[in-house]
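> fold the following and give me the result.
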Amino acid sequence: MTTVPAHRRRPTVGPAGRPASGASGPAPARGRSPGWVPPQHGAWAMLLLPVLAALTVTGPHPLHLPLLGAALAGYPLSYFGLQAVKTGRFRRVRPQLVGYGLATVALAAPVLVARPATLAYAPLYAVLAAVNAGYARWRRDRAFVNDLAFVMQCGLLGLVVATVAGVPWTRVAGVTVVALGYLVGTVLHVKTMIRERDSVRYRWASWTYHGVAAVAAVLWASVPVAVVFAVLLARAVVLAGRRVTPKRVGLVETACALLVLAAVPL
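Residues are numbered from 1 along each chain as shown. Next comes the predicted model:
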């Protein structure tokens, strides 16, 4: 039997050139460091939007700085933790887990001591994290429900911002719903632009969702928010299925997130 030299073998890939393993992005070569920065750049904006939206209502508080730091350290901690669950190779990401874990604990500690009421959100985060862990274990981390669980974790940060500021969470419920409304829509829309570009089912799901969200914004939100959601509906209809580079998709979504943030306090 003829043996193909290792340097000429082609990697096994699934549809559309994705890794057959179902990994969220190219898998690092064996022995190569996984790095310290998660490659999902849009996740940072998803974390920040509910926080910044809530701040437009509560105003800044000194404890918001360590809270934000804990959130920014907690995301890569969860990312590398889920990578370990998916691959079973905990030793490979041990430095990242230890480093980000210590940073998250150190930054969250003063917030928890000063505002023990924030612990009330822990069970919700635990349930959502368990959903992510389950999908990682099943190697289905691209599933919409898995993305939705992450979006809900981001949205909860808006309520935590209010609790840390000593403000009832109901005061930020409105802006949090608006932020979540955008984030759920952007997950659907981005799928129609990249991973599910040829899926008619995802296109209709995105269009239907954005249509309902736009109507809801007209009926219950402010005029600026209603206008922004009308723009989001238009971009979902016009751009779905088009061949646009992920970088340009990201730029468009960044601009949309800024529009949402500008509209919520008006």
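> distance of V260 relative to A54?
From V260 across to A54, the span is 13 Å (Cβ to Cβ, to the nearest Å). Just so you know, the C-beta spots here come from the backbone N, C-alpha and C atoms, and that holds for glycine as well.
> comparing the two, which residue is more hemmed in?
Taking other Cβ atoms under 10 Å, V260 and A54 do not tie; A54 has more neighbours (30 against 25).
> now do the more buried one against L128, distance only.
Applying Cβ to Cβ to A54 and L128 gives a distance of 18 Å.
> same deal with C154?
Counting by Cβ to Cβ, the gap from C154 to L128 is 10 Å.
> more neighbours, those two?
Each of C154 and L128 has its neighbours counted (other Cβ under 10 Å); C154 has more, 23 against 18.
> now that one, nearest residue through space, not along the chain?
Leaving aside its chain neighbours, C154 sits nearest to M46 (4.9 Å; criterion: Cβ to Cβ, 6 or more residues apart in numbering).
> how about that neighbour, secondary structure?
Using DSSP: H, G, I helix; E, B strand; the rest coil, the secondary structure recorded for M46 is helix.
> retrieve the pLDDT associated with it.
In this model, M46 is scored at 93, pLDDT.
> surely it is in contact with L148?
No. Using Cβ atoms under 8 Å, M46 is not in contact with L148, being 11.6 Å away.
> ok, those two, which is more surrounded?
Between M46 and L148, M46 has the larger neighbour count (other Cβ under 10 Å), namely 24 against 17.
> neighbours around L239, how many?
L239 has 16 nearby residues by other Cβ under 10 Å.
> list the contacts for the residue nearest the centre of the chain?
Per Cα atoms, centre = their mean, the C-alpha nearest to the average position across the chain is that of A43, at 4.1 Å. The contact partners of A43, taken as Cβ atoms under 8 Å, 6 or more residues apart in numbering, are 75, 79, 150.
> how about a cut-off of 6 Å?
Applying Cβ atoms under 6 Å, 6 or more residues apart in numbering to A43 gives no contacts.
> relative to E253, how far out is it?
A43 sits at a distance of 12 Å from E253 (criterion: Cβ to Cβ).
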